[in-house]
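A.B. asks: please work out how this folds:
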Amino acid sequence: EVERPARLVYTWAWRGSPMDPAETLVTVDFLERGRETELVLVHERFPSQGDRDQHEHGWSKVLGNLNRFLGTAAQPS
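C.D. replies: Numbers count the residues shown, from 1 in each chain. Down below sits the predicted model:
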C-alpha cells in the first residue's frame, strides 16, 4: 500500500534467515511537523517475542543511522 506522500505499508519476510521466515507487516508513516517530518515505523505480526526483539534492535540501528545521515546532510557546508 502506498499513500503518497504519507504512508508506506508492505510485507516483510527474511528468507534464508535462522528466524522463522513468516511474513510480517511493516507500516511507515511520514507526519508533517512544521518544517520537519516525523517517521513512525510499526513492524508487527511476529511469530515470537525473540523475532520481534531482534527486529527492534535492527530497526533501532537503521533509524539511528538514517537520523545521523539526514542530520548531517541538512547542515550547511
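
A.B. asks: switch to C-alpha atoms for all contacts and neighbour counts from now on
C.D. replies: OK.

A.B. asks: can you point out the buried residues in the helix or strand where His57 lies?
C.D. replies: Assigned by DSSP states H and E, His57 belongs to helix 49-73. Within helix 49-73, the residues scored as buried using 16 or more other C-alpha atoms under 10 Å are Arg52.

A.B. asks: how near is Thr27 to Arg7?
C.D. replies: 7 Å (C-alpha to C-alpha, to the nearest Å).

A.B. asks: which neighbours do those two share?
C.D. replies: When C-alpha atoms under 8 Å, 6 or more residues apart in numbering defines a contact, no residue borders Thr27 and Arg7 alike.

A.B. asks: and for the closest residue to Trp14 other than its chain neighbours, the neighbour number?
C.D. replies: Excluding the flanking residues, the one nearest Trp14 by C-alpha to C-alpha, 6 or more residues apart in numbering is Pro21, at 5.5 Å. Residues lying near Pro21 (other C-alpha atoms under 10 Å) number 15.

A.B. asks: what does the one 3 residues further on give?
C.D. replies: Burial measure for Thr24: 16 neighbouring residues, criterion other C-alpha under 10 Å.

A.B. asks: give the contact list for it.
C.D. replies: So Thr24 contacts Thr11, Trp12, Ala13, His43, Glu44, Arg45, Phe46 (C-alpha under 8 Å, 6+ apart).

A.B. asks: so it bridges to which residues?
C.D. replies: Beta bridges link Thr24 to Trp12, judged by DSSP bridges.

A.B. asks: that one and Leu41, how far apart?
C.D. replies: Where Leu41 is concerned, Thr24 sits at a distance of 13 Å (C-alpha to C-alpha).

A.B. asks: over to Asn67?
C.D. replies: In terms of C-alpha to C-alpha, Asn67 sits 13 Å off from Leu41.

A.B. asks: just Asp29 next, same as before
C.D. replies: For Asp29 relative to Leu41 (C-alpha to C-alpha), the value is 6 Å.

A.B. asks: same question for Leu63.
C.D. replies: 9 Å.

A.B. asks: now do Gln49
C.D. replies: 18 Å.

A.B. asks: what do you get for Arg33?
C.D. replies: Going from Arg33 to Leu41 by C-alpha to C-alpha gives 16 Å.
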